[in-house]
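In: Have a look; sequence and predicted model below, questions after that.
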Amino acid sequence: MRALLVRRDILLLVLARLIDMAGSNALWIALGVRVKELTGSDSAAGLTFFAFVLGTLGAPLCGAVVDRLRRAPLLIALNLFSMVLVLPLLLVHDRHGIWICYAVMVLYGLANGTSGSAMTALTQTLIPPEHLGDANGLLQTLLQGVRLVAPLLGAGVLSTFDLAPLVVGDAATFALAALLVALIRLRENGPRHPGPEEERQAAGARLTAGFRHIAGTPALRQFTVATMIAVIAFGFSQSVLFAVVDSGLHRPPAFVGVLGASQAAGAVVAGAGAAVLMRRAGEARTVVFGLVLSAAGFLLTAVPALPAVVPGTVLMGTGLPWIIAGGTTLLQRRTPARLMGRADAALGVLIGVPQTAAIAVGAALVALVDYRVMLVLMAVLTSVAACYLATRTAQPATGTPPPNGPVTTSA
């Protein structure tokens with residue numbers, strides 16, 4: 001892993017991603033807490049995350065843009081756009097301004113989904129295929145380290161100074177991330193023009209190419225099905241964690257930041273071992289292990305006592321980097337560069353739709369159903385996803401991404 005960071009372009013890309021995520025994570029958690037404080041509603045707080053995920057559903061069009069443009073300049077433009085986008089949050093002072101939070105988060109989700117696809121594609125370009133697992137494991141370790149500090153920072157700044165410093169700080173991190181990407185020396189090819197076969201396709205067919213690639217590649221299809229089941233549970237958790245803090249632990253809303261930090265602590269440890277686990281067990285099995293740990297974490301969090309909730313959130317955090325790193329590496333190794341933006345965007349939509357629905361349903365259910373019942377249901381869903389993926393026969397490839405189309409394996 002250290003060998004990757006001595007390469008200047010990779011180091012700049014990683015730093016840009018870390019700085020971007022540091023500002024965003026501090027703001028996201030604080031914004032949810034702020035909405036909770038202004039409205040007194042767990043559902044309203046959960047809907048801030050729903051608005052963000054709703055914005056990511058524009059990913060198919062965004063993925064097509066990523067595949068037609070150079071990724072580094074696109075990332076610079078997206079960071080500058082996001083820098084300006086967060087500033088209206090400075091106008092939120094009471095419950096009448098909550099709509100601004102939701103509107104900003106929708107656009108934030110759209111920009112974040114596009115930059116995520118561009119980042120995945122640029123990483124595939126910068127890093128040799130045999131080192132993708134190491135790179136994604138390293139990135140998850142560092143990102144989860146940021147998530148360890150950012151929620152506490154966001155909640156602390158909010159309780160001491162209000163929301164404004166976090167908004168300004170997030171805008172500054174976007175500006176710095178844009179500068180770091182601009183310093184990358186990689187000279188990508190110019191905007192990619194479709195080949196003759198693609199030119200004959202209708203615009204709709206080009207937009208759906210990522211979906212067809214995932215459907216035609218068994219390993220990707222199986223991972224996607226499992227993840228679509230699991231994200232329902234993770235979607236519920238956005239609102240349930242507020243209920244755990246309020247009804248279960250009887251703590252103030254800002255304590256959600258402490259639970260977020262405990263999740264990140266487990267994720268840091270797991271992220272450090274993700275690359276080793278992928279080399280020994282493969283990407284799909286790594287995802288399975290992550291799902292199992294998350295299910296155990298949901299069950300522990302259902303116990304209304306701090307000695308159970310903290311280890312439970314640690315286990316939830318431990319599972320996430322294995323799911324993300326395993327899935328990202330699998331996608332990069334099974335997808336040609338010309339489709340990377342659209343495939344990543346398609347995966348984002350396939351996962352984002354059930355997650356968006358789950359966040360909305362979870363925000364409503366948490367007001368009607370005991371949060372402990374919801375956590376047990378979340379554990380069941382995650383376990384079903386793990387069992388499904390564990391019984392599939394397609395194994396992840398470990399070589400170079402296919403140059404022209406999807407690889408097919410046994411179903």
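Out: Thanks, I have the structure now. Residues are numbered from 1 along each chain as shown.
In: give me the low-pLDDT residue ranges for the stretch 201-350 of the chain?
Out: The stretch 201-350 of the chain contains residues with pLDDT under 70 at 201-206.
In: quick one: the helices in it?
Out: 203-207, 209-216, 218-243, 256-281, 283-301, 306-333, 340-365 (DSSP state H, counting those that start in this stretch).
In: nearest to Asp42, of those?
Out: Between Asp42 and the helices of the stretch 201-350 of the chain, the tightest spacing by C-beta to C-beta is seen for helix 218-243, at 4.3 Å. Where you see a C-beta, it was placed from the backbone N, CA and C, and this is true even at glycine.
In: tell me which residues in that closest one are buried?
Out: Counting neighbours by 16 or more other C-beta atoms under 10 Å, one finds that the buried residues in helix 218-243 are 218-224, 226-243.
In: elements contacting that helix?
Out: In this structure, helix 218-243 makes packing contacts with helix 8-39, helix 42-55, helix 209-216, helix 256-281, helix 283-301, helix 306-333, helix 340-365, helix 371-390, judged by 3 or more C-beta pairs under 8 Å, 6 or more residues apart in numbering; DSSP states H and E.
In: Extract the C-alpha trace of stretch 250-260 and format it as CSV.
Out: This file holds the C-alpha atoms of stretch 250-260, laid out as CSV (Å, rounded to 0.1, in the frame of the first residue of the first chain):
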residue,chain,number,x,y,z
HIS,A,250,-31.8,8.8,26.3
ARG,A,251,-29.0,11.0,25.0
PRO,A,252,-29.1,14.4,23.1
PRO,A,253,-29.2,14.3,19.3
ALA,A,254,-25.6,15.3,19.0
PHE,A,255,-24.7,11.8,20.5
VAL,A,256,-25.3,10.4,17.0
GLY,A,257,-21.9,11.9,16.2
VAL,A,258,-20.3,9.6,18.9
LEU,A,259,-22.0,6.5,17.4
GLY,A,260,-20.8,7.6,13.9
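In: rewinding a little: let me know which of the helices and strands packed on helix 218-243 is the nearest to Ile184.
Out: That would be helix 8-39 among the helices and strands packed on helix 218-243, by C-beta to C-beta, at 4.9 Å.
In: buried sites along the closest one?
Out: Neighbour count says helix 8-39 has 9-10, 12-38 buried, by 16+ other C-beta under 10 Å.
In: How about stretch 251-266?
Out: By neighbour count on 16+ other C-beta under 10 Å, the buried set for stretch 251-266 is 253-266.
In: can you pull the contacts of the residue positioned nearest the centre of the chain?
Out: By C-alpha atoms, centre = their mean, the mean C-alpha position of the chain lies nearest to Ile324, the distance being 7.6 Å. Going by C-beta atoms under 8 Å, 6 or more residues apart in numbering, Ile324 touches 136, 140.
In: where does it sit relative to Leu299, distance-wise?
Out: Distance, Ile324 to Leu299, by C-beta to C-beta, to the nearest Å: 21 Å.
In: With Ala343 instead?
Out: Relative to Leu299, and taking C-beta to C-beta, Ala343 is found at 34 Å.
In: Give me the more crowded residue out of those two.
Out: Looking at Ala343 and Leu299 with other C-beta atoms under 10 Å, you find the greater number of neighbours at Ala343, namely 29 against 19.
In: Tell me who's in contact with the more buried one.
Out: Ala343 neighbours (C-beta under 8 Å, 6+ apart): 63, 210, 213-214, 220, 331, 335.
In: and what of Thr208?
Out: Counted by C-beta under 8 Å, 6+ apart, Thr208 has contacts 60, 346.
In: For it, give me the backbone phi and psi.
Out: Backbone torsions of Thr208, given as degrees, to the nearest 10, read phi -90, psi 10.
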